[in-house]
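*Asks:* Need a 3D model of the sequence below.
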Amino acid sequence: MTSRADETLRDLDAFFERLFLTGVSEDIIKEYFATRDYEVIEAVDGYDALEKVNQDIDMVLLDIMMPGMDGYETCKKIREKYDMPIIFISALSETDNMLDGYHVGADDYITKPFKPSVLYAKCQAILNRSKKTEKEDKETIWLDESKHLMYVDGEAVALPNKEYLLMELFLNNKNQLFTRSQILNKVWGYDYYGDGRAVDTYIKKLRKKLGVHSHRIQTIMKAGYTYTDEED
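*Replies:* Numbering: from 1, shown residues only. Presented below is the predicted three-dimensional model:
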């Protein structure tokens with residue numbers, strides 16, 4: 001039986017980002033992130049990092065100059081098993097140092113000194129992009145709002161404005177039934193006085209562009225349309 005304490009811990013896991021500091025000794029960094037919904041986990045050096053790192057870590061901040069195993073080697077070994085974002089933090093500011101960092105798998109490189117707010121902003125930007133990519137990888141159909149494109153199994157499909165708005169309505173309201181009148185009001189606007197059969201025409205166009213996923217737009221007889229993620 002799941003206890004209330006277990007449920008609380010699970011809620012906290014979803015709320016906090018797990019930040020893994022390796023060889024980073026600056027207390028100001030730990031304090032800054034700890035007060036901004038990050039759970040800060042520390043490793044004193046590369047060997048300690050490889051024992052503690054796991055798939056639940058969201059982000060790794062890694063120094064280069066560490067005793068025993070340096071940051072480059074640590075990064076390389078972490079990359080052999082995990083794909084979470086890694087940022088190097090280092091006093092080494094030469095271009096070659098940065099290139100070496102990217103070569104072993106780092107996502108970014110920030111040189112000391114820096115403001116914690118700048119590092120925090122970098123972490124947030126990288127995590128947001130990472131989560132967006134993960135979401136898109138899991139979905140076979142999604143929309144790119146900035147380009148007004150629909151992606152079907154990774155392939156970009158151009159959509160005219162009304163088709164885009166109709167697909168957006170479906171994706172944002174999965175398994176919800178819409179009558180033709182509701183679709184006309186939401187996509188064409190309340191001042192549209194044309195034939196409601198225009199909806200059927202645009203549904204037919206969308207289904208054609210969805211290809212093998214055309215069944216996801218379902219016709220509910222004498223009621224309207226709904227969209228489902230379920231495959232046949």
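
*Asks:* where does this protein have its least confident helix or strand?
*Replies:* Considering only helices and strands, the least confidently modelled element of the chain by mean pLDDT, DSSP states H and E is helix 4-15, at a mean of 36.

*Asks:* So which residues of this protein form strands?
*Replies:* Across the chain, reading from the start of the chain, the strands by DSSP state E fall at 17-22, 38-43, 59-63, 86-90, 108-111, 141-144, 149-152, 155-158, 217-220, 224-227.

*Asks:* Can you name every helix or strand that the last one contacts?
*Replies:* To tie it back to what came earlier, the one meant is strand 224-227. Counting by 3 or more CB pairs under 8 Å, 6 or more residues apart in numbering; DSSP states H and E, the packing neighbours recorded for strand 224-227 are helix 161-172, helix 180-183, strand 217-220. Every C-beta, even on glycine, is put in place using the N, C-alpha and C of the backbone.

*Asks:* What about residue 94, how many residues nearby?
*Replies:* 10 (other CB atoms under 10 Å).

*Asks:* just residue 114 next, same as before
*Replies:* The burial metric for residue 114, expressed as a neighbour count using other CB under 10 Å, is 13.

*Asks:* Which residues are in contact with the closest residue to it other than its chain neighbours?
*Replies:* In space, not counting the residues next to it along the chain, residue 114 is nearest to residue 89; the distance is 8.0 Å by CB to CB, 6 or more residues apart in numbering. Contacts here follow CB atoms under 8 Å, 6 or more residues apart in numbering; on that basis residue 89 touches 24, 29, 61, 62, 63, 110, 112, 114, 119.

*Asks:* Show me the shaky parts of the chain.
*Replies:* When residues are selected by pLDDT under 70, those of the chain lie in 1-16, 131-139, 190-196, 231-232.

*Asks:* Skipping its backbone neighbours, what lies nearest residue 71 in space?
*Replies:* Per CB to CB, 6+ apart, closest to residue 71 is residue 64, 3.7 Å.

*Asks:* just residue 42 next, same as before
*Replies:* Leaving out its chain neighbours, the residue that sits closest to residue 42 by CB to CB, 6+ apart is residue 21, at 5.0 Å.

*Asks:* which residues touch that neighbour?
*Replies:* By CB under 8 Å, 6+ apart, residue 21 lies in contact with 29, 30, 40, 41, 42, 43, 61.

*Asks:* From residue 172, how far out is it?
*Replies:* Taking CB to CB, to the nearest Å as the measure, residue 21 and residue 172 are separated by 38 Å.
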